[in-house]
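Visitor: starting from these lines, generate the structure:
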Amino acid sequence: MPEFVTYATNTFPGVSYTLGSLDSLDADTGSIGGILSWYSLIHYEPQTIRIPLHEFRRALNPGGTLLVGFFEGQTVEEFAHAVTPAYRWPVDDLGTELNATGFDVVESHVRKTAGQRPVAAIVARRREAH
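Guide: From the prediction side, this is the model:
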């Protein structure tokens, strides 16, 4: 969202920010050491989730780290979210998708707070060979 880039630029003027698509990162192959994907994959339908995951793998250097934050659930399921539907993922299911796209899951965390949607995070590393 352009507003996020504007806010980041104003708050941290010494850093370069760009607006782009997760489906096609503006980065050379193997040029990035880490990617933070904090709730940025929640609107991808289960049948298209591998598109950004493959792109993340392409852009990360071997051994590069990916941190994914998402809504956790017992099954992959759609739910109503602000503007467009979003998806909950079981940690193991998203881990399987990461593994299938060339990542090794390093660790995962789930947080369940009364009255709030359960959330999770997965740390994964790009494998050298896929």
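
Visitor: can you pull out the strands in this structure?
Guide: Applying DSSP state E to the chain gives strands spanning 32-38, 60-72, 77-79, 86-89, 103-111, 119-126.

Visitor: so in that sheet, which strands flank the longest one, and in what orientation?
Guide: When pairs are called by DSSP bridges, strand 60-72 turns out to pair with strand 32-38 (parallel), strand 86-89 (parallel), strand 119-126 (antiparallel).

Visitor: got those as JSON lines, with distance to Arg111, mean neighbour count and mean pLDDT columns?
Guide: Placement of C-beta: from N, CA and C, glycine included. Formatted as JSON lines, the strands paired with strand 60-72 follow (distance: least, C-beta to C-beta, whole Å; neighbours: other C-beta atoms under 10 Å; pLDDT from 0 to 100):
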{"stretch": "strand 32-38", "distance to Arg111": "14", "mean neighbour count": "15", "mean pLDDT": "93"}
{"stretch": "strand 86-89", "distance to Arg111": "14", "mean neighbour count": "21", "mean pLDDT": "97"}
{"stretch": "strand 119-126", "distance to Arg111": "5", "mean neighbour count": "20", "mean pLDDT": "98"}
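
Visitor: now those as TSV including distance to Ile51?
Guide: Listed next are the strands paired with strand 60-72 as TSV, based on distance: least, C-beta to C-beta, whole Å:
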stretch	distance to Ile51
strand 32-38	13
strand 86-89	14
strand 119-126	16
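
Visitor: in contact with Ala8: list those residues for me.
Guide: Val15, Tyr17 (C-beta atoms under 8 Å, 6 or more residues apart in numbering).

Visitor: again, but for Arg57
Guide: Per C-beta under 8 Å, 6+ apart, neighbours of Arg57: Thr101, Gly102, Phe103, Arg126, His130.

Visitor: just Gly30 next, same as before
Guide: Arg58, Ala59, Leu60, Asn61, Pro62, Gly64.
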